[in-house]
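In: Generate coordinates for the sequence data below:
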Amino acid sequence: MVVQQKTEIVPFSQYGAVSTTTLGDSCAWIVGQDGGTGGLIDEGTMFLSTAGSTSTVITIYVNGSSIGTITYTSGDTTPQTDALTPTRVVLDDVVRCVVTTAGTGAAGLSGFVPIKP
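Out: Just a heads-up that it's a prediction; the model follows:
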């Protein structure tokens with residue numbers, strides 16, 4: 001029997017106006033908490049319901065080290081998927097999504113980072 005591994009999804013969101021966060025106050029996703037076993041992170045996707053007049057930037061961290069950013073340019077609400085530095089994660093690694101730049105007037109931020117088996 002072949003057992004297919006589960007793709008784990010690291011979610012993040014901010015309802016209402018987008019505001020900056022720090023590494024310390026961002027939500028932590030512990031690899032394996034949703035039944036996954038780890039894998040590869042190489043991209044992230046985010047959505048905005050209201051565009052900002054300046055860019056919105058999310059920085060993705062694994063165990064405290066940045067692996068790249070997802071950027072929304074000003075005036076855009078098209079779903080945005082950006083490549084990240086390919087990074088292998090294992091059980092109990094910590095993934096964080098930090099709003100490093102909040103676009104002026106941006107609202108309704110959500111997104112995810114898939115952990116591919």
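In: Would you agree residue 14 is in contact with residue 99?
Out: Yes. If you go by Cβ atoms under 8 Å, residue 14 and residue 99 touch, sitting 6.9 Å apart. Placement of C-beta: from N, CA and C, glycine included.
In: which neighbours do these two share?
Out: Common contact partners of residue 14 and residue 99 (Cβ atoms under 8 Å, 6 or more residues apart in numbering): residue 109.
In: what about residue 42, helix or strand, and which?
Out: For residue 42, the host element (DSSP states H and E) is strand 38-50.
In: Only the buried residues of that strand, if you could.
Out: 38, 39, 41, 42, 43, 44, 46, 48 (16 or more other Cβ atoms under 10 Å).
In: give me the number of residues near the residue nearest to residue 14 when sequence neighbours are not counted?
Out: In this structure, residue 14 finds its nearest non-sequential neighbour in residue 109, 4.5 Å apart by Cβ to Cβ, 6 or more residues apart in numbering. Neighbours of residue 109 under the rule other Cβ atoms under 10 Å: 26.
In: that older thread, and the strand holding residue 42, what does it pack onto?
Out: The contact analysis (3 or more Cβ pairs under 8 Å, 6 or more residues apart in numbering; DSSP states H and E) places strand 38-50 against strand 8-17, strand 56-62, strand 65-72, strand 80-90, strand 107-115.
In: Pairing partners for the second one, with directions?
Out: The one in question is strand 56-62. Counting by DSSP bridges, the strands paired with strand 56-62 are strand 65-72 (antiparallel), strand 94-101 (antiparallel).
In: Of those, flag the one that's most buried.
Out: strand 94-101 (a mean of 20; mean count of other Cβ atoms under 10 Å).
In: If I take it and strand 8-17, what angle do their directions form?
Out: Using axes from the mean of the first three to the mean of the last three Cα atoms, to 10 degrees, the inter-axis angle of strand 94-101 relative to strand 8-17 is 30 degrees.
In: circling back: same list (the helices and strands packed on strand 38-50) but as a markdown table, adding mean pLDDT and distance to residue 33.
Out: Formatted as a markdown table, those follow (pLDDT from 0 to 100; distance: least, Cβ to Cβ, whole Å):
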| stretch | mean pLDDT | distance to residue 33 |
| --- | --- | --- |
| strand 8-17 | 93 | 8 |
| strand 56-62 | 97 | 15 |
| strand 65-72 | 96 | 19 |
| strand 80-90 | 97 | 12 |
| strand 107-115 | 96 | 11 |
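In: Right, I'll leave it there.
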